[in-house]
Structures are given as structure tokens and as C-alpha cells.
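Peer 1: Give me the fold of what follows.
(chains A, B, C and D, ligands or ions: 4)
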Amino acid sequence: NQSASNEKSGGSDGKKIVVGATMLSMQNEFIVNVHDEMAKKAEADGVELITVDAERSALKQVEQVESFIAQHVDAIIMNPCEVEASSPAVTKALAAKIPIINVNSETSTKPSAFVGSDDVESARIAMKFIAEKLNGKGNILMMHGYMGQAAQIKREQGAQEILKQYPNLKLLAHQTAEWDRAKGMSLMENWIQSFGSQINAVFAQNDEMGLGAVKALTDAGLKDKVLVVSIDAIPDALQAVKKGSLDATVFQNAEQQGAKAIEAAVKLAKGQPVEKETLIPFQLVTKQNLGEFLKQ
Amino acid sequence: MENSYKERLRGLGKYGLFIAFFAICLTLTFLAPTFLTVQNLMIIVTQVSINALLAFGVTFVIITGGIDLSVGSIVAVTGIAAATFAHPDTYPVIVPIGMGLLAGLAFGAFNGFIITRSKVPPFIVTLGTMTVGRGLALILSKGRPISNLSDSFNFIGGGKILGVPTLILILIVTFIICSVILRKTVLGRYMYAVGGNEQAARASGIQLSTVKMVVYALSGGLAALAGILLTSRITTGQPNAGAGFELDAIAAAIIGGTSTSGGTGTMTGTLLGALLIGVISNGLDLLNVTSYYQQVVMGVIIIGAVVLDSLNQSTR
Amino acid sequence: MENSYKERLRGLGKYGLFIAFFAICLTLTFLAPTFLTVQNLMIIVTQVSINALLAFGVTFVIITGGIDLSVGSIVAVTGIAAATFAHPDTYPVIVPIGMGLLAGLAFGAFNGFIITRSKVPPFIVTLGTMTVGRGLALILSKGRPISNLSDSFNFIGGGKILGVPTLILILIVTFIICSVILRKTVLGRYMYAVGGNEQAARASGIQLSTVKMVVYALSGGLAALAGILLTSRITTGQPNAGAGFELDAIAAAIIGGTSTSGGTGTMTGTLLGALLIGVISNGLDLLNVTSYYQQVVMGVIIIGAVVLDSLNQSTR
Amino acid sequence: MQANQDYILQVRGLTKTFSGVKALDNVQLAVRRGEVHALMGENGAGKSTLMKILIGLETPDSGEIRFEGEDLTTGHVRDVMKKGISMIHQEMLLVPELTVAQNIFLGREKNGKLFSWLNDRNLNHQAAELLKQMGVNIAPDTPMKRLSVAQMQMVEIAKAISNDAKVIIMDEPTSALSDKEVATLFGIIKDLTAKGVAIIYISHKMDEIFAISDTITVLRDGTYIGTKPAAELDIDTLITMMVGRKIESLFPSSKTERGNEVLSVKNLSRQGEFEDISFSAYAGEVLGIAGLMGAGRTEIARTIYGLDKPDSGDIYVQGERIDIKSPQEAIERGIGYVSEDRKKLGFIPRLSVRQNITLSSLRQHAKGGLLQAKSELAAAQTVIADLKIKAASPNQSVVYLSGGNQQKVVIGKVLLSSPSLVILDEPTRGIDIGAKAEIYKLINQLKEKGIAVILISSELPELLGLSDRILVLAKGKLTATLSTDEATQETIMRYAMQP
Ligand SMILES: Nc1ncnc2c1ncn2[C@@H]1O[C@H](COP(=O)(O)OP(=O)(O)OP(=O)(O)O)[C@@H](O)[C@H]1O
Ligand SMILES: Nc1ncnc2c1ncn2[C@@H]1O[C@H](COP(=O)(O)OP(=O)(O)OP(=O)(O)O)[C@@H](O)[C@H]1O
Ligand SMILES: [Mg+2]
Ligand SMILES: [Mg+2]
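Peer 2: Ligands and ions are numbered 1, 2, ... in the order given. You can find the predicted model right below:
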């Protein structure tokens, strides 16, 4: 199999560069967007992109990276499922002398390059918005993603940080709706039963749950009195912000994350130097600045 | 007639489960003041309805001695199929409904076809089509939710008629139809016969393959109904909708007394099973039990309720 | 001895599945140049091993006519239990391994206890403990991964001995042990008897409850082994590890010819079932089939393989 | 084939192979209107297979079936039944979860149209009528699973005759019946034949065959041996046709000294089943238990064996009072039980002959939990040879054995656990005459070895021929203990019918 690896490995001697990508979940709209941007950029740069879906399993992700190593790809892009649990993949790739780029979120073992944003920050932005809108006083509900997943942990952490700064903001209840719109809606319905008019704001760790909460609140005729903020800025969420039903969402730049990840991969495959860390900032999306995001 | 009265009670399912159910409701009424309000009860039933519809279909299948793991994926496929045709100002609302139901019936009939034509166990066939279905939903939707659906479509699963959510009305009608099929038609009788003793059913001249085909198609059709209603309720067709629903639906059926070995089960039992799950889930939210403990409590209560039920049966 | 030779072949499982398996491997060898390399084959076996271990346990359970849905959650609980004691410079590596295995055996024995003491179907009991287990894992870990594990611990599932990944070695040893239990011990025979005809097994002097307890404990123990290895391989104890693993494990067993109605099944069949799933999944990655289509192809091939197998059996 | 107007059903050249084994080889059969045509043959001769082909449950490899001149060779069960053939199945194909009435009319409600309304009241009514005509006292809305084996058999009969068939196949319809119901059935058969209905009757009970059949066809090992009018045959000739050899005497006398008391039961009761039962069983003695269907004999056996718990009373084994909580404990105490329902409690269908035979004594063939294959096989082979079990190999699956051989496997299993007391519950149910003779011989051998035998049987000749003492039960109460000299069919029946 030496010949096979020779065939592929020579990015610099003119042959097509092969990049393997393992994505957290191709059922998540934001990740699909990042991936689409990667594919677009790869196409433009004449790079062959092999994508696999880790289906939120770190184990699967490690295995997929092992497969990439066995296939002797020129570079690996990983959209990590977990901070720690996906780390062995990084170690293995580096040991096999294949550059590995983490996109969107981090692992504890440092990869060749990182392109993305810090999830903790997104929750800080969202919660800060709520705190300011409520003038630092009120009752808040928080919807978690799937418990124990990296994004859930980090978004909770960011939210809690802000809550600590505002002693008069009270977290009435927090509960998981597993990133799901229907579950978010049911949870909100139940919350309305127990807390009713006490609720001042809802922070949902992703847009899907946020939109579910919006629907439940609207049905109960409470939407006008309750602030709902979520994260990701998926098209549905942007539409909801436009309609005014969702008060704010936090935009993560899929286009830049995808494109920059491919850029880094190509450079590394060719043996060129790259930035160790490319941080792409989050942006709060409200009705005021909606215009720039709707275009994108 | 004393006998038919007894029978009806038996048909109604299981005292033990009823007792457990009411005990839980009673406890919740004391613990959470908002539990026993019309509004909250309506919310519970609304939330239960999707699972109950799936569970009705699964009950048919399990009674014949089969299993259907694909219902969760059918929810997604049919939701996407419906949403695709449900944008405002395109087709009348009957088109997305029709497309969804058709997709579900076809999917179910395909399950039935493979199961009756090959000797492959239903578990594997429907596990396979579960994966296939999920893939199809993702392909059809390109992995993205399909939103911007017409108001008339969103009304089906999200509206109210005379103050009662449409979901509840549809649940009641479907429950009655399914009950009647099971208890009052030749088809229902044959389901019990096929599940109770397949050889005896065959020796009595019952066409096993026809009964099985119908049963899987019914399950697919009910899953489609659930898929359409879910899509309408959350106003989006989502490729990952319904993931894991199959286990909840099977759980509702089995908690309700349907035996996995076939030949027994009632729609009332299944409805009760679904309601039990829904009440616990609602109650835990109302009591604001933290997520981690919710899972533990949910598991314990379900096992407890069924243990109580089985104790009750054995002393009878 | 002609007879025992035939038996052995039958024990080896199913020609049809073998044929399907090799046909798929052959196809992949032609389509993907890297498929048939020592490195890739090792990767496949490594990847398959966790599922195979779970499937071995589930095979025991299904042979006795039961089902175990809790194995995925046991993976999480035991992984957390092990990780808690696996930080560097705390305990020798035997402690986390022991704690993990103990937790798994206890969990499985608890399943067995409820199932034998109550009349609740194993489906409900293990569905309940699956939920409870997931909650426990989250509670024990406070919802956060437990990392910073000792090198010696990480070696168990991530190391190599003479170039062969430890996972493969452990898989082989476990496979042999499980095979021997099933085919060469009194216990194994009793499992088949209990699953084949529970009443007759009891009347033949077999203690149903003991056999069942042991079987569920074994399943728990094997899931614990899987959990420890998984934790070691990804160098982190994760509260949501193993979610959905139960279906894959059951699928491997059933693809391998274990009947859900009990009384039949072999470890070789189960191993082959797990390998089949692993090979397809690896092959689809190598062929760069997009993830949505992967699911469709995966489902189709699995059904196809089992259909082929069943055709083969019926003509025999 | 020329259609002969006399014959309603004609079969020729029928061949059927199961996984390489010829179950039927070029078999023929011709049945006249209004006759009782007995089909005879040893266990495994192919009788049931032939009948299943007739009704459309199995497809023949080759051959021809004509029914009223029409070709029925590859008919579907449904069509065949509509044309006018129905069948009482040997295995009693009934759905336990459905009621009696629902079972009787299963497959025929509204002509089997799936999407039509059921009328259970009507079904119950019709079933009640039918059962009353048959003289059977079972409520039509009783769930099937609550019935005793005998009652199930009556329902199976009702199901077959309710079809207004022109030919009714009865595959061992009396195997679970006691004399009273057998008489009822014979009455029904008389009425049917008078109306021109042809009956194909399969049974291993010789007296029945000679009592009702007009014509007898004999099969042996899947081949056709011959057809003769019943009047031209005597029992010895018939047996020779079936077995290919003579059977000397069915009940060879065997005198042994009665040994010490092995089992003693004092005031044993179980609510609704039996009451205040006391008796003893001795080594080297066959203790017969007689009674009508539902007398509670099986229940007593189950209780002694630890399958059920007694409400009150004591059980002494070898003089020691013990509480038997499970069959395992019973086996450890030296008690063996051969159940009347071998399918439910006897064998494990998916295990092989060898594995079934050694199941109760498996630990003797294991070291530290590991099975010793050679020792196990040797034990199984000894039993197979001793009991003359006909199996292709010890590794053959038991499901494919004939009923008689399955029964021998179960007996073999019990004997291997070296019991000092064996309870045989209807041990010759559904077993051919040759095998019966062998089982009788076996019972005598057990007795001679000093084993205490309790023989529960509904066949009085069998009880009288083998027992040293006979207990008679009526409605759960012990009504008599008869010595060999006192016991006759008449006295037994008198005590069995006591209120
Ligand atoms: N489904 C089957 N597969 C394989 N072999 C079978 C099958 N059914 C029957 N046989 C075999 O065919 C032969 C004839 O069986 P059959 O049941 O017809 O015998 P029978 O004459 O009815 O015996 P009995 O008096 O015990 O009922 C036997 O050797 C039996 O083992
Ligand atoms: N599962 C059951 N549920 C309710 N009643 C039962 C059940 N099984 C048996 N019975 C009843 O118990 C009584 C005794 O049963 P059974 O017929 O087995 O007695 P027996 O003396 O062994 O008769 P035989 O063996 O000749 O049929 C009968 O009245 C029968 O109807
Ligand atoms: Mg027969
Ligand atoms: Mg009896």
C-alpha cells in the first residue's frame, strides 16, 4: 500500500489534495451549513473532501479519524463532538504526521490548527442581552441541550457566568429539551403551567428549542411578556427575529468557519505555515441588525 | 350480561395500571397545585397525542407478534413529505396531508412486504427501514428543516376547535377507530389470532401475509398521521424529528399490557400507557425536578407502575 | 466424527450470512483499494469490538427469551465509575477496572432481580433501567465528562501489544470465553433450554430465576467491559456515552441468527453480525458515500444480507 | 386417474420430503362417502403429513389429490375448507387468547372478509348451540387458555364439525379424552356418517379403530401398505401390517416384592383442584390413578413434583417430611415426572435429542461447569438404545421426531436423573401400539429395579394391565383404593363417577 499512499500524499507535486472531515452531526443545521461552506471552498480550491458524520459520538469520531489515517488523507478536519473524548483522534492524527484542524469547537489536545468560536462566549452574549433587557432583574428559565454534551456544558457555563454578575436575575428552572423543537415546546407548555406570569425571559441553548418555546408562549398568549433568546441564527430563527417573535439569537459564522478550515487544511497539507488559532467572533442578532444576516 | 361486563373490564385493560395511574395523578395533584387544571390536563393530552398515535400502530403490530422500529423514521419522512407541499399559496392543505399519509402507508406496506415475503425477523427489517427512512428524510430535506408552512397546514396540529386543541380531537377519533378495528372487525380478530398462534391461524384459513401487510401499513399510516401533526405543531418539517420515538411508542403499548409475544393487547391499555408516560413527564416538569433526576424518577415510576400492575394480576 | 462436524458447521452459524459477508468484503476490496489492508482490517475489528462485546451479552439474554435495552446506559455508568477512580497517581489500574465491572454486574443483576421477582416484561424493566442508568451517569458525573485519566488506564482500550490493538485481543479472548460458556457449559445449555421452552425447562429441574439472574448479570458485566474499554479508548468518562448502543447490539445478535423468541443463537453468528455492520460502515466511509446516503445503503445492505441468509436457509 | 363415483376423495402417488427425509413415498388413499376410514401406522409413519397435505397446509412434492372429481392437489387451506374438508389437528391448533366461540369460527367469520363487522353475540349463540348438541358443557365465551387439555380437544372437534364438511379428518381426536367424551364423539361420528359425511380417523387406540371404522388403510415409514375393510382384519393382522412384526403380549405380567414406602401424601389439598388426598407409593410397585377428565389427577402430580404449591397437607419422601418448592428440589429428592402435555412441559423443541435427554441430569456430565461431551453423548446413546428411540442421530432436533419418540425422549430424560419415584401422567398419549408395548415393558422394568411408579392414565386397560393398586379420584376427592383383584373397568368407573 506504499504506492497508494504515494499517489495521494503529494499535495505539493501537483496531485489532488485529499481532506477528510468528520462532523459532529449532519442532522444539525448549523453544522450542515459549515460543511456546505467547506465543500464550496474545497470545490473552488480543487481539493477532494471526504465527509463523514460522527452522529454526536466521540467514539465514532475517533474511529473515523483512524480510518482517515489508514486512508492516508493529506489533512483531517474535525468538528469535535467532545472536548476530551475527541482528543485521542488529534493525538492519533499527529502521531501519523497528518495535520488535523479543529473546526467550530476545541479539543483539549491541541491540534495543528483551530478555526472556530468559543461556545461559552455565545451564551455570555445571549444572557447578557437578557440581563440588559430586563434591567438586571427578573425570572429566567433555561433550556439545556442534550445533557453532558460539550455544547450544552459550555453554553450553560457562559449563561451561569452572567447570572452570577446579576444577583437579581433568578433562574426559576432549567431543564433539558435535547436540542429539539417539539421537546422545547412541550417543556415550555409545562413551565407555563407552573410559573405562568412569573416568567420574564427564556434562554434556550439553541434556536430549535428557542423556537419551540416561542410557539408555546405564543399559543398561551404570553409571548409579549416573555423575552426569548437562543443561539445559532439558523434561517428559521432569523425569520422569527424578523417577525419579532424571537427577541434575539447569536450568530455563528458558518461561512468563515468552513472556508477558513479548508484554507488551513490545504496550507498544512502543502507544508505551509498557518495561524495556530483563528477565532471567529459571535454576533448578537436582533431586529436592529437583522439586515446584514438575512443577506448572508 | 355479567360475563360481557367482566370481559369489558378486562378489555379496558388492567386494574393495577389504572390504580397506579390514578395514584400518580393523585400524588401530583397534592404536590403541584397546577396539575389538576383543565388547561394542564389538555396540555398533557396534547403532548401525549403524538406518542399515542404511534403507539396505536405499534400495538396492532405487536398483537400480531411483530415489532415496528421504523415508526420514528416514518414520522420524519412523512413530516418532510408533507412540509414540502405545505408552503403557503402552493397547494390546498389536503395535498400535504395526502402526500404524508401516502408516504407513510407506502413505507409501512413496504415493511409488511419484506416481512411477509422473506423470513427475516421484523426486528431486523424495521431496524433496516428505520435507518433507510432517516436517510431518506435527510436526503429529501437536504438535512435542513423545511419551514414557512401555510397557516391552514399549521392549524391541523396546532389549532383549537371550540377551545379544544385539534390534537386532542384527532387523538380521540383515532383512538375510537383503532379500538373498533381491534375489537369489532374481522381484521382485529385475525390480528389476535395471528399473534396468539400463527399455526392455528394458518390452519383456520387466515391469510397470514394479508393480515401482516395490513397491520404494518396501518402502523405506517398512523406514524404518518403523527408525522403530519408533529410537523404542523412545530410548524416545520424536520429531518431528525421522531428520533427515538419508536421506543416510547413500544413502551406505551407494553406498559398498557400488550405482550411482546403477541396475541394480547388493547388500545385502551396503550392509551393509558402513553398517558402514564405523559403525566409523569409533565409532573416532573411541574415539580421542577432537575433533568438528571427526572430520568431516574421516570424509569423507577414506570417499572413501579408495571410491577404493581403485575402483582395485581397475579393475585386476581 | 461426521456428526459433530456438521454440528460445528451449524454452530458456526449460517452459510447465507457468511456468503453475504464475504460478498460484501469482496466488493469493497474491488471498489476501495485501502479496504483490504492489514491496517484497515485492524481498524474495522477495533471499531467493531465495543459493539461486539455488548452484543455478546445481549445474545445470552436473547437466547433465554429476554431482551436487554439497558446496555447502552450501563456503558455510561460503568465508564463514569471507572473514570472516577482512574486519575493518575490515585489508585492502581485494577481499581477502576474492578469498580467498573462491579457496577456493571450489579446493574445487570438488578435487572435480573426485577425481571425474575416481578412478572414485568424484560423490555419494560430494561427500558426503565436504561433511563435510570442514564440519569445515574449524569448524576455521578454532574453532567460533565471525567478526563485526565492515567496512562495505564488509557492503555487498556487504546494501547497495542506487539502491534495488535488491545481491543482486538480483548475481543478475541471474550469471544472465546462467551462461546465456551454458551456451548460447553451447563449454564449455556440451560440458557437454550430456558429460551426454548421456559415451562419445560422449569419442569426439567432448571432454576429459571438463577439462569436469568446470571444472564442479565453477564450482560451487565460485558457492557461494563465495553464501557471501561470505551472510556479508556476516548480517554474520558462520558455521561452520554453508549446512547443508542443497545439497538446496534441487538441488531448484531439478530443479524447473526439469534431469534428474538429465544432458544437459538451462537456467538459466532453475533460476531459475524457485528463485523457485517462494521464492514459496511467502514466501507461506506472509504467509498466516500455521503452521510445521508450511507444510512440508506446501510439499511438496505443489512436487510439484503439477512434476506439472502433466510433464502439460503429455506432451500437447505 | 379415473374418478370413481364411489369415492369422494382419492389420493395417488403422493410424495413429500422434509429436508432430505421422505415422510411420504408414493402413497395412495381412497375414501368413500359416509364411511369411517381409519388411517393406521406407527408414530412417524406419515399420517399427519398426509392429512396436512390434504387440507392444504403442506404442499406435496408430487402426486395427485381428487375431491369430488376435482383436482385439489395444491389447494389453499381456505379453499379446501370451503370445498368441504375440515380437520381436527393432532397438535390442537387453537388460539389461547381467544374464546371458545371465537376459536370455533375462526377464519369463517363473515367469510373471512377482513373489513367487516364481527358479531360475537351471534358467534356465542351458535357455539352454545353446537356445544349443547355435542353434549359438552363449556361456556362459549370462556377464554381458550382456561380450558383443560380435554376441553380444548372437544373445542377442536366442535370447530371441525361446525364447518358442514363432506370429509372430516380426525387426527388423534381422542388422545386427551376419557371414555365418556370418547363415547360422545362416537355418537357424533355416527350422526355424521349417516348424513353421508366421510371421516378419516387416525388413532393409536386399537379398540376405537375396531369399534367405529369401516375401512382401514395402513402406512409404514411413509409408504402405503394396504387398504382393507375393517371386518376382514383382526388386531394381530393389523399390528403386523403396521409394525412389520408381531407384538407378543401388551401387558407382560411382572411380579415383584413391594419394597419400602417411597412417597407418602397426607391430607393434601389445593383449592378448587383436589381435597384431602392421602396415599403412599412403594418401591417396586405400580400405583395406578384413575379418574374422569378434570378429576384432579394431573394437579396432584404437579403438586408433588413442586410445580404447584399445596394449600395444606404434607408430603413425605423416604419417611421424611419435606416442602418441595420447585421441580429442581423434587428431582434432588428422587422424584421424576413425565407430564401429560409433552409439548408444553416435556421437551425443548430447539434442542437435540441428546440435549433433551440429558437436561435433567446435566450436572453429572460436567466438571466444574464444563460439559463433558463424551460422557453426555454416551449417556444419551444408552437411553436411545434402551428405549429404542428412532432418531436419525442423537443430534437431531426433537421437533422432527414422531410423537411416540418425543415421549420416549421425555421418559429417557426423567430416567437419567435416577429417580426413586416416577410419576407418569398419560405416558402413552398419542403413542403407537409398538411404542406402547415398549413403554409398558419399560414400566415393568422400572418396577423390577425397585422404583416406585405412579401411573396416571385414562386408558383403563392400561391401568388394569400394569397397576398393582389403583386409586380412583372423583372431582378432586379420593373415592377408592382398589387392589388388582377388586379392580375392574366397572368398579373403577363406578367410583370415578361418584358425586
Ligand atoms: N416440518 C417437518 N420437518 C421435518 N420433518 C418432518 C416435519 N413434519 C414431519 N416430519 C417427519 O415426517 C415423518 C412423518 O411425520 P408425521 O407427523 O406425519 O407422522 P405420524 O404418522 O402422524 O406420527 P404420529 O402417530 O406420531 O402422529 C416423521 O419422520 C417426522 O419426523
Ligand atoms: N389453566 C386452568 N385454569 C383453570 N382451570 C383449569 C386449568 N387447567 C385445568 N383446570 C381445571 O382443573 C380441573 C382438573 O384439570 P385436569 O383436566 O387436568 O384434571 P385431570 O384429572 O388430570 O384430568 P385429565 O388429565 O384426564 O385431563 C378441571 O376442572 C379443569 O377444568
Ligand atoms: Mg401424527
Ligand atoms: Mg390430567
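Peer 1: The stretch 151-300 of chain D: strands as residue ranges?
Peer 2: For the stretch 151-300 of chain D, applying DSSP state E, counting those that start in this stretch gives strands covering D:167-171, D:198-202, D:215-220, D:223-229, D:261-270, D:274-282, D:286-291.
Peer 1: would you turn those strands into TSV with mean neighbour count and distance to chain C?
Peer 2: From N, CA and C alone the C-beta is placed, and that goes for glycine too. Shown next, in TSV, are those (neighbours: other C-beta atoms under 10 Å in any protein chain shown; distance: least, C-beta to the nearest C-beta, whole Å):
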stretch	mean neighbour count	distance to chain C
strand D:167-171	25	23
strand D:198-202	26	26
strand D:215-220	23	27
strand D:223-229	15	25
strand D:261-270	19	17
strand D:274-282	19	19
strand D:286-291	27	19
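Peer 1: Mind putting these into JSON lines with mean pLDDT and distance to chain B?
Peer 2: Shown next, in JSON lines, are the strands of the stretch 151-300 of chain D (pLDDT from 0 to 100; distance: least, C-beta to the nearest C-beta, whole Å):
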{"stretch": "strand D:167-171", "mean pLDDT": "96", "distance to chain B": "11"}
{"stretch": "strand D:198-202", "mean pLDDT": "96", "distance to chain B": "16"}
{"stretch": "strand D:215-220", "mean pLDDT": "95", "distance to chain B": "22"}
{"stretch": "strand D:223-229", "mean pLDDT": "95", "distance to chain B": "25"}
{"stretch": "strand D:261-270", "mean pLDDT": "95", "distance to chain B": "17"}
{"stretch": "strand D:274-282", "mean pLDDT": "95", "distance to chain B": "22"}
{"stretch": "strand D:286-291", "mean pLDDT": "94", "distance to chain B": "29"}
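Peer 1: so which of the ones you listed gets nearest residue A:240?
Peer 2: strand D:261-270 (70.3 Å; C-beta to C-beta).
Peer 1: pLDDT on stretch B:119-133, on average?
Peer 2: For stretch B:119-133, mean pLDDT is 93.
Peer 1: Please report the distance of the residue of the stretch 101-250 of chain D found nearest chain C from chain B.
Peer 2: Nearest residue of the stretch 101-250 of chain D to chain C (C-beta to the nearest C-beta) works out as residue D:145 at 13.1 Å. Distance, residue D:145 to chain B, by C-beta to the nearest C-beta, to the nearest Å: 9 Å.
Peer 1: Counting neighbours, what do you get for the spatially closest residue to that residue that is not a sequence neighbour?
Peer 2: Sequence neighbours aside, residue D:96 is the residue nearest to residue D:145 in space, at 3.9 Å (criterion: C-beta to C-beta, 6 or more residues apart in numbering or on different chains). Per other C-beta atoms under 10 Å in any protein chain shown, the neighbour tally for residue D:96 reads 16.
Peer 1: Secondary structure class of residue A:183, three-state.
Peer 2: helix (DSSP: H, G, I helix; E, B strand; the rest coil).
Peer 1: Pull the contacting residues for it.
Peer 2: A:177, A:209, A:212 (C-beta atoms under 8 Å, 6 or more residues apart in numbering or on different chains).
Peer 1: let's see 10 Å
Peer 2: Applying C-beta atoms under 10 Å, 6 or more residues apart in numbering or on different chains to residue A:183 gives the contacts A:143, A:175-177, A:208-209, A:212, B:47, B:234.
Peer 1: Repeat that for residue A:52.
Peer 2: A:20-23, A:26, A:60-61, A:63-65, A:67-68, C:281, C:284-285, C:288-291, C:294.
Peer 1: Would you report which members of those are assigned to helices?
Peer 2: Taking DSSP state H, the ones among the contacts of residue A:52 that sit in helices are A:60-61, A:63-65, A:67-68, C:281, C:284-285, C:291, C:294.
Peer 1: how about residue A:138, phi and psi?
Peer 2: Torsion angles at residue A:138 (phi, psi; degrees, to the nearest 10) stand at phi 160, psi 180.
Peer 1: What residue, apart from its backbone neighbours, is nearest residue 54 spatially?
Peer 2: All of this refers to chain A. Residue A:54 sits nearest to residue A:61 (C-beta to C-beta, 6+ apart), 3.9 Å away.
Peer 1: Chain B, not that one
Peer 2: Per C-beta to C-beta, 6+ apart, closest to residue B:54 is residue B:249, 3.8 Å.
Peer 1: was I right about the one you found contacting residue B:60?
Peer 2: No. At 11.4 Å, residue B:249 and residue B:60 do not qualify as touching, with contact defined as C-beta atoms under 10 Å.
Peer 1: joint contacts of those two?
Peer 2: In contact with both residue B:249 and residue B:60: B:68, B:219, B:222, B:270, using C-beta under 10 Å, 6+ apart.
Peer 1: got a list of what residue A:102 touches?
Peer 2: A:76-80, A:86, A:89-90, A:109-116, A:261, A:264, A:277.
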